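Engineer: here's my sequence, what's the structure:
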Amino acid sequence: YDIGAYEYRNWYVDQAAVGANNGTSWADAFTSLYVAIAEASDGEQIWVAAGTYRPTTGTNRGVSFWLKPGLQIYGGFNGTENDLSLRDWKTNETILCGDIGVMSNPNDNSYHVVVGASNAVLDGFVIQNGYADGSNPQNHGGGMYNNGVTMTIANCVFRYNYANSLGGGIMNDGSFPTITNCSFYDNTAVTGGGGMFNNSSSPTLTNCWFRSNAGGAGGAIRNEGGSPIITNCTIYLNSATGWKAGGIFNDNWSTPTVSNCIIWDNSAVGGDDAIYNGANSGVTVEYSVVQGGWTGTGNYGNNPQFINAPVDLRLTASSPCINTAYGAGAPADDIDGNTRDALPDMGAFEFQVAHPAIWYVNASNSSNPNTGLSWAYAFTNLQSALALAGAGDEIWVAAGTYKPSQNGDRTAPFVMKSDVDIYGGFNGSETL
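Structural biologist: Next up is the predicted model:
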């Protein structure tokens with residue numbers, strides 16, 4: 001029991017439930033999410049089983065899933081779990097769908113599928129088929145519309161949403177959401193921000209990817225004021241169909257920070273395919289791969305070498321994005337839940353080294369980047385290899401002089417690892 005006059009509870013939603021449908025258990029779950037939202041209060045949770053849920057059974061396009069302040073809504077359940085950690089939001093796809101009228105006819109879909117609220121949580125959902133073609137603000141934010149909110153959005157997919165103005169996937173207006181482990185693809189906004197539009201907003205984006213979104217200016221992201229923080233995100237194959245920046249468009253005092261990201265193969269009819277800075281705007285980019293290159297610490301213009309773009313944006317073993325991100329600013333895990341290395345990778349996906357592995361060190365290597373996975377991209381110091389090596393791995397070290405500290409720290413030794421073999425005496429070309 002909880003202390004105080006009010007007892008907090010979990011509410012359950014399962015479109016296939018056949019019990020009392022009062023939301024008190026999986027057996028008696030509500031069959032409609034909007035009914036659960038109406039019943040739930042600040043501080044409570046709603047658990048939603050796999051299925052497709054619409055904001056109304058009618059045809060009123062102005063109806064959305066209106067979140068409540070402090071309400072936490074989680075998808076990805078199979079309808080039997082008794083602990084939040086047991087859900088699998090990728091396997092148990094839980095769809096919030098704006099296709100409320102004639103099926104597959106977008107012209108009668110909801111203007112916004114979801115409308116955000118402060119301190120709310122939306123976690124583990126697919127948000128799709130919003131069609132914002134009304135009058136302001138119902139011409140922005142087809143997937144989700146946030147106005148003056150600070151909330152958490154995690155483990156969500158935004159796809160097939162449309163706005164005839166700004167923000168196909170999400171529109172943030174004076175908002176500060178934290179958006180983690182989310183993907184945005186095949187969203188469209190006629191004016192700009194196919195994936196996301198930020199108006200006087202500073203969202204924090206971590207471990208997200210944007211692919212095949214289209215917007216007039218800013219195919220993936222458009223910023224008009226604010227200071228978004230974008231970390232370990234992959235922005236690929238987005239297009240600006242009316243002007244500049246298939247990747248990130250910044251204007252009107254926008255000052256985003258982009259770290260550990262991959263911005264590649266985006267296009268714009270007006271040029272500046274990757275990033276554009278307009279009036280009184282500037283972006284800080286560091287430890288990122290940007291097509292065409294970008295001035296900043298640790299940046300490269302090398303092909304990131306995806307496994308199977310555009311389908312799979314994970315990295316190949318020869319990718320220059322491996323072990324070249326900034327560790328202090330990287331999240332602990334990637335979008336797949338894999339632990340990031342001490343020397344993390346750029347982008348949303350951390351490369352999974354097959355162990356046992358061979359790590360390469362060559363003090364004279366002048367090639368960038370230094371991933372340690374081949375002689376061509378060998379580490380230049382032994383400590384980097386020691387930081388990443390695991391049980392059963394080998395470290396091959398080419399001729400040269402190696403010091404345990406790069407800054408004169410006399411207390412920093414080379415610390416051996418159990419079951420890691422270190423071999424010297426190489427010329428830097430051997431394969432066996």
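
Engineer: mind listing what the residue nearest to Tyr111 when sequence neighbours are not counted touches?
Structural biologist: Once flanking residues are discounted, Tyr111 sits nearest to Gln138: 3.9 Å by CB to CB, 6 or more residues apart in numbering. Backbone N, C-alpha and C define where each C-beta goes, glycine included. Counting by CB atoms under 8 Å, 6 or more residues apart in numbering, Gln138 makes contact with 61-62, 111-112, 132.

Engineer: show me which of those residues is closest to Phe77.
Structural biologist: Top of the list for closeness to Phe77, among the contacts of Gln138 and by CB to CB, is His112 at 24.4 Å.

Engineer: right, and that closest one touches Tyr131 too?
Structural biologist: No - shown here, His112 and Tyr131 do not form a contact pair, counting by CB atoms under 8 Å, at 9.4 Å.

Engineer: between the two, which contacts overlap?
Structural biologist: Applying CB under 8 Å, 6+ apart, one finds that His112 and Tyr131 are jointly contacted by 98, 142.

Engineer: higher neighbour count, the two?
Structural biologist: When neighbours are counted by other CB atoms under 10 Å, His112 comes out ahead of the other of His112 and Tyr131, with 34 against 29.

Engineer: what's the pLDDT at that one?
Structural biologist: Model confidence at His112, given as pLDDT, is 98.

Engineer: and for Glu7?
Structural biologist: As summarised for this prediction, Glu7 has a pLDDT of 56.

Engineer: what packs against the helix or strand bottoming out on mean pLDDT in the chain?
Structural biologist: Lowest on mean pLDDT, DSSP states H and E among the helices and strands of the chain sits helix 382-388, with a mean of 94. When contacts are defined as 3 or more CB pairs under 8 Å, 6 or more residues apart in numbering; DSSP states H and E, helix 382-388 packs onto strand 358-361, strand 394-398.

Engineer: export that helix as CSV, just CAs?
Structural biologist: C-alpha atoms of helix 382-388 as CSV (Å, rounded to 0.1, in the frame of the first residue of the first chain):
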residue,chain,number,x,y,z
LEU,A,382,48.8,0.6,-26.2
GLN,A,383,46.4,1.9,-23.5
SER,A,384,43.6,2.2,-26.0
ALA,A,385,43.9,-1.4,-26.9
LEU,A,386,44.0,-2.5,-23.2
ALA,A,387,40.9,-0.5,-22.5
LEU,A,388,38.9,-2.5,-25.0
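
Engineer: and the contacts of it?
Structural biologist: 323, 341-343, 353, 359-361, 370, 372, 379, 395, 397, 402, 404, 406, 414-417, 420, 422.

Engineer: ditto for stretch 373-380
Structural biologist: Under the criterion CB under 8 Å, 6+ apart, external residues in contact with stretch 373-380 comprise 317-318, 320, 322-323, 353, 357, 359-365, 367, 369-372, 385, 398, 428-430.

Engineer: tell me which of those fall in strands.
Structural biologist: Per DSSP state E, strands hold the following members of the contacts of stretch 373-380: 359-361, 398.

Engineer: can you select the buried ones from those in ChimeraX?
Structural biologist: One line in ChimeraX is enough to select the buried members of the ones in strands among the contacts of stretch 373-380, burial here meaning 16 or more other CB atoms under 10 Å:
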select :359,360,361,398
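
Engineer: and the residue nearest to Tyr53 when sequence neighbours are not counted, what does it touch?
Structural biologist: Counting by CB to CB, 6+ apart, the nearest residue to Tyr53 once its immediate chain neighbours are dropped is Leu33, at 4.5 Å. Remark: with contacts taken as CB under 8 Å, 6+ apart, Leu33 is in contact with 13, 46, 48, 53, 65, 73, 96.

Engineer: again, only using 7 Å
Structural biologist: When contacts are counted by CB atoms under 7 Å, 6 or more residues apart in numbering, Leu33 is found next to 13, 48, 53, 65.
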